[in-house]
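**Q** Any chance you can model this:
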Amino acid sequence: MFCVCHAIWLRNLLSKMMLKQAGATMIHVENKSAIELAKNPVNHERSKHIDVRFHFIRDHVKGGNVELVHVASQDQVADIFTKPLPKELLDKCKKMIGMMDGRSI
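**A** All right, here's what the predicted structure looks like:
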């Protein structure tokens, strides 16, 4: 939710600076159910408790401002900043963000 809010805020800021973004902002999400619910607003028993904040995301997906893209858990780069990772996954994430090993300098 906050990622979408920040993306929309940045899009608006850039457009005021005459740097309008062409196309949707891609947001990488690892929850396929959340992506499907945002794309297809089907009202069923399991989704009736959804918070009003979720409708904000749905509106921006429908409006073409934001595109939710699935990314597998092992490819979620943000995990390096949010949780402890096994050494192999930590090394992979470090390479994905361009972090260099101090010994290779």
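
**Q** In which helix or strand does the spatially most central residue of the chain reside?
**A** For the chain, residue 27 is the residue whose C-alpha lies nearest the centre (CA atoms, centre = their mean; 3.1 Å). In the assignment (DSSP states H and E), residue 27 maps to strand 25-29.

**Q** quick check: mean pLDDT across the next helix or strand after that strand?
**A** Remark: after strand 25-29, the chain's next helix or strand is helix 32-39, criterion DSSP H and E. Mean pLDDT, helix 32-39: 79.

**Q** The helix or strand following helix 32-39 vs helix 32-39, what angle?
**A** Sequence-wise, the next helix or strand downstream of helix 32-39 (DSSP H and E) is helix 52-62. Between helix 52-62 and helix 32-39, the angle comes out at 70 degrees (axes from the mean of the first three to the mean of the last three CA atoms, to 10 degrees).

**Q** outside of helix 52-62, which residues touch it?
**A** 1, 4-5, 8, 37-39, 41, 66-68 (CB atoms under 8 Å, 6 or more residues apart in numbering). (C-beta placed from N, C-alpha, C; glycine too.)

**Q** okay, the angle between the helix or strand following that helix and helix 52-62?
**A** Using DSSP H and E, the helix or strand that directly follows helix 52-62 along the chain is strand 66-70. On the basis of the same axes, to 10 degrees, strand 66-70 is oriented at 100 degrees to helix 52-62.
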